[in-house]
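Visitor: A structural model of the following input is requested.
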Amino acid sequence: MNCLTQTGQWELRVDFEFPNKTRSYLHYNLFRVGSDSEEYPLTIGGFTGETPTDPFSTQQLLNGMKFSTYDNDNDRWRTGNCAVKIGNATDNGGWWYNTCRNINLNSQYDPAQYGLIGFGGIYYNPRWIEMKIHPFKCL
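Guide: Okay, here's the model as predicted:
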């Protein structure tokens with residue numbers, strides 16, 4: 001992602017479907033992933049979409065967060081590692097965690113699992129999620 005997004009401006013669209021088969025999307029005019037030496041910090045902004053709130057910024061700011069994995073803890077949870085709590089070595093729980101809440105699009109789907117996307121304090125577990133990036137073009 002760093003190689004793709006290091007030059008120019010990129011936008012991100014996240015499409016997803018809830019268990020009741022309702023579909024929705026998130027859209028961001030700015031998306032960039034920093035370098036390996038910086039531990040892949042996320043830059044994201046310019047939210048639009050069909051959802052009432054932006055899960056990347058509601059209750060926790062993910063902009064600027066470094067990527068965390070089960071063996072490289074970069075989150076702000078003081079008593080543990082979000083990638084271990086939410087994911088592990090076998091189901092690839094890596095993400096730009098802050099305090100383990102609100103959004104994690106890299107976790108394995110499980111209807112009984114804690115929600116992967118939070119909107120206004122309610123957490124949902126989508127049946128499928130697609131993340132797509134595209135060069136930003138002003139209209």
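Visitor: Make sure I have this right: V84 is in a helix.
Guide: Yes - under DSSP: H, G, I helix; E, B strand; the rest coil, V84 sits within a helix.
Visitor: can you give me the helices for the protein?
Guide: 2-5, 82-86 (DSSP state H).
Visitor: Same list (these) but as a markdown table, adding mean pLDDT and mean neighbour count.
Guide: To be clear about C-beta, it is placed using only N, CA and C from the backbone, and glycine gets the same treatment. What follows is the helices of the chain, written out as a markdown table (pLDDT from 0 to 100; neighbours: other C-beta atoms under 10 Å):
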| stretch | mean pLDDT | mean neighbour count |
| --- | --- | --- |
| helix 2-5 | 90 | 13 |
| helix 82-86 | 80 | 22 |
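Visitor: Can I get those in TSV including distance to N106?
Guide: Output for the helices of the chain, formatted as TSV (distance: least, C-beta to C-beta, whole Å):
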stretch	distance to N106
helix 2-5	16
helix 82-86	9
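Visitor: Which among those is found nearest to G49?
Guide: helix 2-5 (19.4 Å; C-beta to C-beta).
Visitor: what about the closest one, distance to the chain center?
Guide: 16 Å (C-alpha atoms, centre = their mean, to the nearest Å).
Visitor: Stretch 42-50 now?
Guide: 11 Å.
Visitor: sorry, back to before: now for the helices of the chain, which one comes closest to G93?
Guide: Proximity to G93 (C-beta to C-beta) singles out helix 82-86 among the helices of the chain, at 4.5 Å.
Visitor: of all the helices of the chain, which lies closest to N20?
Guide: Nearest to N20 among the helices of the chain is helix 82-86; the distance by C-beta to C-beta comes to 23.1 Å.
Visitor: re earlier: of the helices of the chain, which is nearest W96?
Guide: Using C-beta to C-beta, the helices of the chain put helix 82-86 closest to W96, at 9.8 Å.
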